[in-house]
Each structure stands twice: as structure tokens, then as C-alpha cells.
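Participant: Structure of the sequence below:
(one chain, ligands or ions: 1)
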Amino acid sequence: MLDRIFNFSAGPGALPLPVLEQARDELVNFGDSGMSVMEMSHRSQDFTGIIEKTEAGLRELMGIPDDYAVLFLQGGASLQFAMVPMNLYLQGNPVDVIHTGVWTKKAIAEVDKVAACRIAASTEAENFARLPRPDEIKLDENASYVHLCSNNTIVGTQWRTFPNTGEIPLVADMSSDILSRQIDVSQFSLIFAGAQKNIGPSGVTIVIMRPELAERAPKTYPTMLQYRTHVNTQSRFNTPPTFGVYMISLVMDWLEAEGGVPAIEQRNEAQANLLYNAIDDTDFYACPVAEKDRSRMNVVFRIRDGDEALEKRFVEESAAAGMSNLKGHRSMGGIRASIYNAQTDEAVNTLADFMKDFEARNG
Ligand SMILES: *Cc1c(COP(=O)(O)O)cnc(C)c1O
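Facilitator: Residues are numbered from 1 along each chain as shown. Presented below is the predicted three-dimensional model:
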């Protein structure tokens, strides 16, 4: 295992080493089954045990109310950009989107195809470098629902407190910060997240929802695109992403052993603070994001006001020093360090030390 590097990828992200090791140990023979999870019927007793355990772990760790449905779907968060408006749009009642970056832009494009979309607030004019203030959010009181993105993976902002939408259902894309911190699930009517940033491999999408919302959709829609199909079959209308679900169960076990969400939240905050302090301590580095809205998952920064040659050197030299994927998103430039739940203190300390050293040599 000594050849593993420090992986700062924004997605798919690093997974906890103990999880990967357990998956390796169980790969060809899971428990007493005599077969791999990949070879198991999704209707078998063994797999039923796995998916039920995964759901129970998620419910326990997130504090999901009993009357919410938990679904394991495919198609990524990107399919949810379409499925949510298809299923939750009420004719004549607009979908309100709080526009905070590239991922809400993609969501808006899908809402536009099937529903009347309203922008309830946007910080696009400021390059999304901050989130809208509560007084800037203008909701339509008849909105079908409100969509927001809890952590903006690309621009590096993250909601600390969520807007109160009253009676209007609040939908959140939590792809890049699900289970990274304590939240009150009952504030949301629907939460979705691709698993591959914080809780597992790609191929599984988690949907947590008030099941009554699944009844809004016309039954004439394709079966697979109706939430009710998956609610009514406990995510086994067809073959779910079995191995991915199993991997999430291992991540839930790991998270529990680490002290659960409160403990991981503290660690995430400490790691983020270490990097933001390293950035703020000097004029050599600069974070474009308003301090109060900075993400604890994706730390974005520029070097010497966006000196691209220097940033390129930073990426190359950090890679040579055993740190991968620090290049910023192609639309943003600069540097991005993704420090999801599985990121180790050792990796973040190594990066902070490297930043000081790089500045000393180039500052
Ligand atoms: C990565 C990401 C997505 C896209 O997820 P896919 O599973 O690739 O479709 C959507 N929203 C956010 C916030 C993301 O970080």
C-alpha cells in the first residue's frame, strides 16, 4: 500500500483505505456466501442484508426521519437534474432555483426542458464567489419546489445555514458534501447525491425524499423515471448498482467507527482551516471565495493573482511530491484541493507544508 499517493481529486474522490482493504479481502467471497457481491442476485438474502444495512447506516448517521424514503438509483446526480423537475413540477407552479455555480446551471438546463424555471437568486454576476444572502432570495410562494446546491464543488462555496423556504419543498443537490457535517434532514423534502465524492464509488445515486412527493408525477412517464417505482420496490424494481451499494455500506461502517458525522465534521473543518490559513497568511496565495461561504470540501485558490505558469508548476511539483489532482476545474483555473471525508490529516498536512515550501522557492 506504500505506493498510494495523496489524492485530492474532486470526483470520484479518495476512499478510506480500510474500506478498500476490506473490499479487497471480501472481493471473491463475501461472508459465507461463496461468491463475490458482484455475482450475487439482487434478490438474494445476502444482498437484501447488504442493502438494508446500507440504508440503516445512512438513516442512523444522517438522522433521516422514519417517514422519508431512501433510494439507491443510477444515472448520477445529472439524471436527478431531470428526474426532480419531471416528478415534482406542478403545472403552473414554477420551479425556483437558487443559482450558485456550474452545477445549478446544469440543473437549470434540465428544469427548462420540462418545467417553468425561475431564478430565485443568482450570484453569477460575481462569478459565484459568494452565496446569495437571505434577503436576496426571492421565492415564488406558489413554487413547485426550490432547488439549491449545498456545496458548489467547482467554485468552492458551501451553504452554512440553509434558506427557510417555509411550505415550499426544498430540494438539495448534496453530491459533494453529503455526510460531511450535521444537517437537519427534515428541512429538506428531497436530497440527492452521486455517491462518488463522499460516500462510495460512482454508479450509485442516493435519493432521500418525502415519499408523498413521488405521487406528483404522471403515471404515463417511463417507469424508471418515476420516483414512485423505486419507493414502492425498495430500489429493486430492476437491478440496483449492487457493488456500489455494498461499498457504501463499508463506508458507513468506517464513518461510524471514526465517531460518526460530528467527528468527521470536526476533522473536515480542521483540515479546511489549515488550508485556508495557509492561503490567508500570505499574499502569494489568494482564495477568491467570500470567507463566510468557503467550502470545507473543495478549497480553491490562485497563486500570485492567477499566474498560470506558476500554477502549472505548482501542480507539476505537487504531483512529483506525491499529491495528485490539485489542478483547478478547467472553467476556473488555479488550484483546487478536494478534502472529502476520506481525506487524511497526513495528506492535508503534506499539502500545507508543500504550499509553504513552494512559496519559499517562488515567492
Ligand atoms: C459531481 C457533481 C454532480 C454531477 O454528478 P454525476 O454523478 O457525475 O452526474 C452534480 N452536482 C454536484 C454538486 C457535483 O459535485
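
Participant: and the stretch 151-300 of the chain, which of its residues are near the ligand?
Facilitator: With Cβ under 6 Å from any ligand atom as the criterion, the stretch 151-300 of the chain meets the ligand at residues Thr153, Asp173, Ser175, Ser176, Gly194, Lys197. Quick note: C-beta positions are derived from backbone N, CA and C, even for glycine.

Participant: Where do the domain boundaries of this protein fall?
Facilitator: 18-257, 260-362 (automatic domain parsing).

Participant: could I get these as CSV with mean pLDDT?
Facilitator: Below are the domains of the chain laid out as CSV (pLDDT from 0 to 100):
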stretch, mean pLDDT
domain 18-257, 98
domain 260-362, 97
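
Participant: For Ile5, which of these is the nearest?
Facilitator: Taking Cβ to Cβ as the criterion, Ile5 comes closest to domain 260-362 out of the domains of the chain, the separation being 4.9 Å.

Participant: Can you lay out the domains of the chain as JSON lines showing mean neighbour count and distance to Ala10?
Facilitator: As requested, the domains of the chain are arranged in JSON lines below (neighbours: other Cβ atoms under 10 Å; distance: least, Cβ to Cβ, whole Å):
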{"stretch": "domain 18-257", "mean neighbour count": "19", "distance to Ala10": "6"}
{"stretch": "domain 260-362", "mean neighbour count": "18", "distance to Ala10": "4"}
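
Participant: Bridge partners for the residue in the stretch 251-363 of the chain positioned nearest to the ligand, pull those for me.
Facilitator: For the stretch 251-363 of the chain, the residue positioned closest to the ligand under Cβ to the nearest ligand atom is Asn298, at a distance of 8.4 Å. Residues found in beta-bridge contact with Asn298 (criterion: DSSP bridges) are Ser338.

Participant: List the contacts of it.
Facilitator: Residues counted as contacts of Asn298 (Cβ atoms under 8 Å, 6 or more residues apart in numbering) are Ala10, Asn151, Asn152, Thr153, Ile154, Gly156, Ser176, Arg336, Ala337, Ser338, Ile339.

Participant: cutoff 7 Å now
Facilitator: When contacts are counted by Cβ atoms under 7 Å, 6 or more residues apart in numbering, Asn298 is found next to Ala10, Thr153, Gly156, Ser176, Arg336, Ser338.

Participant: So Ile137 is in contact with Ser122, correct?
Facilitator: No - shown here, Ile137 and Ser122 do not form a contact pair, counting by Cβ atoms under 7 Å, at 10.0 Å.

Participant: show me where the stretch 151-300 of the chain has strands.
Facilitator: For the stretch 151-300 of the chain, the strands identified by DSSP state E, counting those that start in this stretch occupy 151-152, 157-158, 170-173, 190-194, 205-209, 285-286, 298-303, in order along the chain.

Participant: Name the strands paired with the fifth one and say parallel or antiparallel.
Facilitator: In the sheet, strand 205-209 lines up against strand 69-73 (antiparallel), strand 190-194 (antiparallel) (DSSP bridges).

Participant: possible to save these as TSV with distance to Tyr221?
Facilitator: Below are those laid out as TSV (distance: least, Cβ to Cβ, whole Å):
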stretch	distance to Tyr221
strand 69-73	15
strand 190-194	17
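
Participant: Export the domains of the chain as JSON lines, with columns for distance to Phe6.
Facilitator: Converted to JSON lines, these look like this (distance: least, Cβ to Cβ, whole Å):
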{"stretch": "domain 18-257", "distance to Phe6": "15"}
{"stretch": "domain 260-362", "distance to Phe6": "4"}
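
Participant: Look at the spatially most distant residue from the centre of the chain and tell me its secondary structure.
Facilitator: When distances are taken from the C-alpha mean of the chain, Arg361 lies farthest, 35.3 Å away, according to Cα atoms, centre = their mean. The three-state label for Arg361, taken from DSSP: H, G, I helix; E, B strand; the rest coil, comes out as helix.

Participant: separation between it and Glu316?
Facilitator: Using Cβ to Cβ, to the nearest Å, one obtains 13 Å as the distance from Arg361 to Glu316.

Participant: Nearest spatial neighbour of the residue of the stretch 1-150 of the chain found nearest the ligand, chain-adjacent residues omitted?
Facilitator: The minimum distance from the stretch 1-150 of the chain to the ligand, using Cβ to the nearest ligand atom, falls at Gly76 (2.7 Å). With Cβ to Cβ, 6 or more residues apart in numbering as the measure, Gly194 is the residue that lies nearest to Gly76, at 4.8 Å, once sequence neighbours are left out.

Participant: For beta bridges, what are the partners of the one you found?
Facilitator: Once the bridges are assigned, which here means DSSP bridges, Gly194 pairs with Thr205.

Participant: Out of the contacts of Asn298, which two are the most distant from each other?
Facilitator: Ser176 and Arg336 (11.5 Å).

Participant: In this protein, mark out all the helices, start to finish.
Facilitator: With DSSP state H applied, the chain shows helices at 17-26, 45-62, 76-88, 102-114, 227-232, 242-257, 260-280, 308-320, 345-362, listed in chain order.

Participant: Could I get the pLDDT score of Met1?
Facilitator: At Met1, the model reports a pLDDT of 49.

Participant: And Gln187, how close does it get to the ligand?
Facilitator: Look at Gln187 and the ligand: by Cβ to the nearest ligand atom, to the nearest Å, they are 18 Å apart.

Participant: Which single residue of the stretch 101-250 of the chain ends up nearest the ligand?
Facilitator: When scored by Cβ to the nearest ligand atom, the stretch 101-250 of the chain has Gly194 as its residue closest to the ligand, at 2.9 Å.
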